[in-house]
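Participant: Turn this into a model:
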Amino acid sequence: METTQPAGGISGNVLFYSSPEPLNREQHAKLALVHKDKPYRFALSGTAVPLAVTEFAPAALTYPVIFAGEDRVPLAVMGLNTGENLFVQADGGFEAGAYIPAYIRRYPFVLANDETQDRLIVCIDRSSDLLAEGGQTPLFDDKGEPTEYTQNCIKFCDDFEVERRRTDSFVQLLKDNDLFELKKAVFTPMNADGSAGEPQTVAEYFGVSEEKLNALPAEKIKELQTSGALAQIYAHLVSLIGWDRLIALATIRQQQAAANGALN
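Facilitator: Here you go, the predicted structure:
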């Protein structure tokens, strides 16, 4: 993957990346990774983060896995309110035991479109506090070549792109079989007397319809099973139980904020 392209022609807005720049051995010769025990502050506002289809199973243990928008982009839902991530602490720590999506793990590296040459090039988020000239792990060696760390990051981005394309194919398969439906996440609060309150819609999203899935011909189900798609579909469906956990976390967070406000 080319790492010496000049700036210009980069297109697309990418979550978390405020100042993407093509990785360049002259411009970034002295940059190095800053080692942090809790490096995830950049994801504090990541309410929903893109997922690759191969991540559905591990992500399902922690988050609702949903599909959003006309393109039905798979997302791990990490918060209920815009700009909120219930799994990232203010100091940059990540919830213990929670799966960290590859989209977050690749930061501050990313592949971006180079419209001038119609290809993807490696970029870094120059505004990231994980990169500095006084950092511990250099991006380039004394000869101007990418270090082993940088090479590993580039490979991670390349692999991520492969998985993204595989995910696009999976989503297209669901579309071709007309398996999507609009779903709702509903929260039923408890009244002071212990009775159930009025149900409230927390979110609307696209998901796989179990009714449509079960109505598929046996040979189509077999095809989905053989390709591995069926297992990913069921991982998505099982993950939707995670809305209850997400709502509980949000409720606890609100109670803690109210208690802190009362103390202050």
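
Participant: For the closest residue to Tyr205 other than its chain neighbours, give me its contacts.
Facilitator: Nearest residue to Tyr205, sequence neighbours excluded (Cβ to Cβ, 6 or more residues apart in numbering): Ile66, at 4.1 Å. (Glycine included, C-beta is placed from N, CA and C.) By Cβ atoms under 8 Å, 6 or more residues apart in numbering, the residues touching Ile66 are Ala48, Pro74, Leu75, Val77, Lys183, Ala203, Tyr205, Phe206, Gly207, His236, Leu240.

Participant: Mind giving me the ChimeraX select for these, buried ones only?
Facilitator: Restricted to buried positions by 16 or more other Cβ atoms under 10 Å, the ChimeraX selection for these reads:
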select :48,74,75,77,183,203,205,206,207,236,240
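
Participant: Among the contacts of Ile66, which lie within strands?
Facilitator: Among the contacts of Ile66, DSSP state E puts Ala48, Pro74, Leu75, Val77, Lys183, Ala203, Tyr205, Phe206, Gly207 in strands.

Participant: Surely the first one and Pro74 touch.
Facilitator: No: at 9.9 Å, Ala48 does not count as touching Pro74 under the criterion of Cβ atoms under 8 Å.

Participant: Could you pull out the buried residues of stretch 50-64?
Facilitator: Under 16+ other Cβ under 10 Å, the buried positions of stretch 50-64 are 50-57, 59-60, 62-64.

Participant: Could you pull out the helices in the chain for me?
Facilitator: 56-60, 102-105, 148-176, 210-214, 218-227, 229-239, 242-263 (DSSP state H).

Participant: Mind giving me the packing neighbours of the last one?
Facilitator: The reference is to helix 242-263. Applying 3 or more Cβ pairs under 8 Å, 6 or more residues apart in numbering; DSSP states H and E, one finds that helix 242-263 contacts strand 73-77, strand 180-187, strand 200-208.

Participant: End to end on stretch 71-82, go ahead and measure it.
Facilitator: Criterion Cα to Cα, to the nearest Å; first-to-last residue distance in stretch 71-82 is 20 Å.

Participant: What mean pLDDT does it get?
Facilitator: Taken as a whole, stretch 71-82 has an average pLDDT of 94.

Participant: Residues contacting that stretch, please?
Facilitator: 46-53, 55-56, 59, 62-68, 85-88, 99, 101, 167, 171, 174-175, 180, 202-203, 206, 236, 242-243, 246-247, 250.

Participant: Check the offset of that stretch from the chain's centre.
Facilitator: Relative to the centre of its chain, stretch 71-82 is centred 8 Å away, using Cα atoms, centre = their mean, to the nearest Å.
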